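> got a structure for you, letters missing:
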């Protein structure tokens, strides 16, 4: 799936004004809209090669690069929490994202060597295979956990 994203750092004191200016033109994404305060927590474990190739490619501003992450939302370490094996690939401006959905408990089993085909639904098997192929052939390992609150908006 190709997508375009824009992310901005906004001073906290400017958020209410900016929100009021944007809301006539945007809507909350469906997940944010289901939350009482229209925000949700994003937790991502990023994987990297021994030589930090993903990091150096990003720093160099290369047009073609990728990153692997395990991403979940809201709940912390609940075995039944939905998580996604993700490869995010940048090809100049548009982004491509490959995802495989599973439960946190099943993801832990996959990382310990369980066969993903027995733990991932058929529609995600190709993407989890891509993820695990990259993880093993590039000798990737988890290097950072990023946690933040997201207020996600999209064009109407």
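Thanks, I have the structure now. Just so it is clear, the structure is predicted and the values come from calculations on it, not from any experiment.
> contacts, neighbours, all on C-alpha from now
Noted.
> tell me the contacts of residue 140?
The contact partners of residue 140, by Cα atoms under 8 Å, 6 or more residues apart in numbering, come to 47-50, 134.
> switch the cut-off to 7 Å
47-50 (Cα atoms under 7 Å, 6 or more residues apart in numbering).
> In ChimeraX, how would I select just the buried ones from the residues you listed?
To isolate the buried members of these in ChimeraX, using 16 or more other Cα atoms under 10 Å:
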select :47,48,49
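> Of the contacts of residue 140, which is the nearest to residue 122?
Using Cα to Cα, residue 47 is the member of the contacts of residue 140 that lies nearest residue 122, at 24.0 Å.
> Which secondary structure element is home to the residue positioned nearest the centre of the chain?
In the chain, the residue lying closest to the centroid (Cα atoms, centre = their mean) is residue 71, at 4.9 Å. According to DSSP states H and E, residue 71 maps onto strand 64-73.
> And residue 51, by the same measure?
Residue 51 belongs to no helix or strand, assigned by DSSP H and E.
> if we can go back for a sec, buried ones in the strand holding residue 71?
Applying 16+ other Cα under 10 Å to strand 64-73 flags 65-73 as buried.
> okay if I get the contacts of residue 140 as TSV plus secondary structure, distance to residue 89 and pLDDT?
Converted to TSV, the contacts of residue 140 look like this (DSSP: H, G, I helix; E, B strand; the rest coil; distance: Cα to Cα, whole Å; pLDDT from 0 to 100):
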residue	secondary structure	distance to residue 89	pLDDT
47	strand	14	98
48	strand	14	98
49	coil	16	97
50	coil	19	97
